[in-house]
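[1] Got a predicted model here, sequence first, then my questions.
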2 protein chains.
Amino acid sequence: MSMNSAQAKRVTVSDIAAGCGVSRATVSLVLRESPLVHADTRARVQAEIVRQGYVYHRGAASLRRGTSNAVALVLNDLSNPFFAEFAGGVDAVLAEAGYVMLLGSTGESPQRQQAVLASLIEHDPAALILSPAEHSEPARLQRLLGTRMPVLVFNRALGDDEPGDGWDFLALDNRNGARMATEHLLAQGHRAIAFFGGHRDSSSCSERRAGYRDALAAAGIEPDPQWLVECAPTRLEATRQTGALFARDPAPTAAVCYNDAVALGLIGGLAARGRQAGRDFAVVGFDDIPEAAVSTPPLSTIAVAPRERGMQAARLILARLRGDSDLPRRIVAPVQLRVRASSVVAPTLSNGASA
Amino acid sequence: MSMNSAQAKRVTVSDIAAGCGVSRATVSLVLRESPLVHADTRARVQAEIVRQGYVYHRGAASLRRGTSNAVALVLNDLSNPFFAEFAGGVDAVLAEAGYVMLLGSTGESPQRQQAVLASLIEHDPAALILSPAEHSEPARLQRLLGTRMPVLVFNRALGDDEPGDGWDFLALDNRNGARMATEHLLAQGHRAIAFFGGHRDSSSCSERRAGYRDALAAAGIEPDPQWLVECAPTRLEATRQTGALFARDPAPTAAVCYNDAVALGLIGGLAARGRQAGRDFAVVGFDDIPEAAVSTPPLSTIAVAPRERGMQAARLILARLRGDSDLPRRIVAPVQLRVRASSVVAPTLSNGASA
DNA sequence: CTGAAAGCGCTTACAG
DNA sequence: CTGAAAGCGCTTACAG
């Protein structure tokens, strides 16, 4: 005998049936809450179920019935609060609906993504919610996942040919969010507005840049190349790259940042150069992470409500599983501008203080 | 026909067997990488598997073999970065070992915990890692989970009678961490040191308070009741409660905080009263959340390495599943003091500045 | 309302 | 090395 867990033999429907003198079919009907069973019989069976500590084996039932009540969720990175919140929202809705969540994460690696998905689909999930790793290959994914399972792609488009393959798509309105952020800065009189951070080849960054350009174009402004500064989407890199904004005169007086991490890094970088966000320079972030509300100064940003997105994704996939008709294939979730102190500063003030 | 996903019939071992003229048993042996199959046959079968897009049905295999390669993880709250990081660590190790993770969250509610666990165990996980909700009832949990499955309790003890029930237990060394934090403040000359935040009846808070008392006692100091301030473990509440520290003279000159959120809230509360952490008052947190390194001033804290704890938990439970002998039943994970600017200030300076 | 029988997709002795 | 048969725990027509 190993040190393994106690090996008490599993209690099955047969044990319950034998224990109270009915057939296995009757026990099954009681388990599935069928009205066909006499109330007395049902009570007897239920008592026996409690007495013997029976645990329903949903895998066996799913096998027989050809159904599944698991949904797979595959994310890039759980330690990113955006995805953690999203997963929390998915979980809340799935649990409410009696589903169970199979979770995997890819660390932004397409290879790991293939491996993780291959492992998860062997557990026969009813559906998949996938936030794809950067540089995923849609064709490989399609081959792996087949067409038996509804798939909802979250956050990042898989390729230009979407959504011809019948997968659902839920994304943030990156373009509109960046446009709103830029318009907010324009409304305060800024004309030289940078777009700071992110990598141009990521889809969310290029969408946000597009919204930024939209707003500038509507105001008749052509962005100076110096205003477009790339950097890894981390606080540290943003602090390091701050100098690039001020390499030549006239420097921008405000920046729309790729995300809040970058914005907070920029605020630090500004401080190191003797400038203060919200007094000498206007900063807007993107995401509304918890820290944004309590940083110094509080950070203006675009709220994306990741938990609500998770709930929305789960509801959509459940509706797809029910076979609801008229479901949208593509949802672009609205985002919201939250104005805080970091962006409430006019450009003249900024020029004066930074001279 | 509903709008549901394409209903292509499932490909099974029988289809593969028929497709290349062997028996189902042979296909099964190929799937399980048995050396009993001739290399040519194996190649033929594998080609057919690819050709037909066969997906292994692990549920059916588990049913037949009486095994499972899923591990359930039940947490209080995914949106808490501590638990999200922990889950990431668990996932990394499980995926590496070919296991799949079933995730549920309880929102600190014992009722939801019972429901979530009941739903998850129907999926026959091989093991469970549980971070119990506050006020869990060990007896009810025990009844629900039975003894068939190894269980690892993380982070919070379930009751004083543990671990008589054969469950594993992994916790942070809360007591020692708080002791180190307190000793660090003592070493700089502080004598009037508060323990700020948390609720006395939570086990982690009472352990941390015990460590704090240990250090004070070793220095011959009896804590003044005014030094023990309770508050909800959030930044906002901590800011609100800051005044309680200074209700009477002499006020403390330093504080060990229940966690980093509380410590950051305290720093804000101090600022609102014209005091600056790291100049007029010394603050130490607990957790080392990412924000601690970049707050103003950077926060001294006790690093608990949640991702590493997750990896450790997963490794332990996998070893238990393998039936390794000599596994410890109770692990108290070491924590580490990280000194940053918020605590590097001597008490005399503090008194001077706050007069 | 209840029971006997077949079958979901897989694996595993047991013969050959 | 391969094949026929039984069985994991459940559900579902089909008779009674």
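    That came through, no problem.

[2] all contacts plus neighbour counts: C-alpha atoms, from now on.
    OK.

[3] what separates the residue in the stretch 1-150 of chain A that DNA strand C sits nearest to from A:Leu102, distance-wise?
    Closest contact between the stretch 1-150 of chain A and DNA strand C, by Cα to the nearest atom of the strand, is at A:Arg64 (2.9 Å). Here the criterion is Cα to Cα, to the nearest Å. By it, A:Arg64 lies 21 Å from A:Leu102.

[4] A:Val229 now?
    39 Å.

[5] can you check A:Val339 too?
    A:Val339 is 38 Å from A:Leu102, where distance means Cα to Cα.

[6] Looking at those two, which one has more neighbours?
    A:Leu102 (24 against 16; other Cα atoms under 10 Å in any protein chain shown).

[7] would you say that one is within a strand?
    Yes. Under DSSP: H, G, I helix; E, B strand; the rest coil, A:Leu102 sits within a strand.

[8] Bridged to it, which residues?
    Counting by DSSP bridges, A:Leu102 is bridged to A:Ala72, B:Leu102.

[9] So it sits against A:Val71, correct?
    Yes. The criterion here is Cα atoms under 8 Å, and A:Leu102 meets it with A:Val71 at 6.0 Å.

[10] and for those two, which residues touch both?
    A:Pro125 (Cα atoms under 8 Å, 6 or more residues apart in numbering or on different chains).

[11] The residue lying closest to A:Ala293 once chain neighbours are set aside - how many residues pack around it?
    In space, and not counting its chain neighbours, A:Ala293 is closest to A:Leu299: 6.2 Å by Cα to Cα, 6 or more residues apart in numbering or on different chains. By the criterion of other Cα under 10 Å, A:Leu299 has 31 neighbours.

[12] What number of residues are in the vicinity of A:Val229?
    Neighbour tally, A:Val229, other Cα under 10 Å: 21.

[13] which residues in the stretch 1-150 of chain A form helices?
    A:13-20, A:24-31, A:39-52, A:58-65, A:81-96, A:110-121, A:138-145 (DSSP state H, counting those that start in this stretch).

[14] contact partners of the fifth one?
    Looking back up the chat, that one is helix A:81-96. By Cα under 8 Å, 6+ apart, helix A:81-96 touches A:71, A:73, A:75-78, A:100-101, A:287, A:289, A:306-315, B:77-79, B:81, B:84, B:104-105, B:116.

[15] same thing with the first one?
    Contact partners of helix A:13-20, identified using Cα under 8 Å, 6+ apart, comprise A:Ser23, A:Arg24, A:Thr26, A:Val27, A:Ser28, A:Arg44, A:Val45, A:Glu48, A:Ile49, A:Gln52, A:Tyr54.

[16] mind redoing it with 7 Å?
    For helix A:13-20, contacts defined as Cα atoms under 7 Å, 6 or more residues apart in numbering or on different chains pick out A:Ser23, A:Arg24, A:Val27, A:Arg44, A:Val45, A:Glu48, A:Ile49.

[17] Just among those, which is most surrounded?
    Of the contacts of helix A:13-20, with other Cα under 10 Å as the count, A:Val27 tops at 27 neighbours.

[18] buried set for whichever strand or helix holds A:Glu207?
    Here A:Glu207, judged by DSSP states H and E, is contained in helix A:203-218. If you call a residue buried by 16 or more other Cα atoms under 10 Å in any protein chain shown, then helix A:203-218 has these buried ones: A:203-216.

[19] Need the phi and psi values for the residue of the stretch 101-250 of chain A found nearest DNA strand D.
    Proximity of the stretch 101-250 of chain A to DNA strand D (Cα to the nearest atom of the strand) peaks at A:Asp124, 14.2 Å away. Note on A:Asp124: backbone dihedrals following degrees, to the nearest 10 are phi 60, psi 50.

[20] Surely the residue nearest to A:Ala293 touches A:Ala292?
    Yes. Using Cα atoms under 7 Å, A:Leu299 is in contact with A:Ala292, at 4.9 Å.

[21] which residues of the stretch 1-150 of chain A score low on pLDDT?
    A:1-8 (pLDDT under 70).

[22] Around DNA strand C, which positions in it sit nearby?
    A:21-26, A:35-39, A:41, A:60-61, A:63-66 (Cα under 7 Å from any atom of the strand).

[23] Near the residue lying closest to A:Pro328 once chain neighbours are set aside, how many other residues are there?
    Excluding the flanking residues, the one nearest A:Pro328 by Cα to Cα, 6+ apart is A:Asp168, at 7.8 Å. A:Asp168 has 23 neighbours, counted by other Cα under 10 Å.

[24] what's near enough to touch A:Asp168?
    A:Val151, A:Leu152, A:Val153, A:Arg329, A:Arg330.
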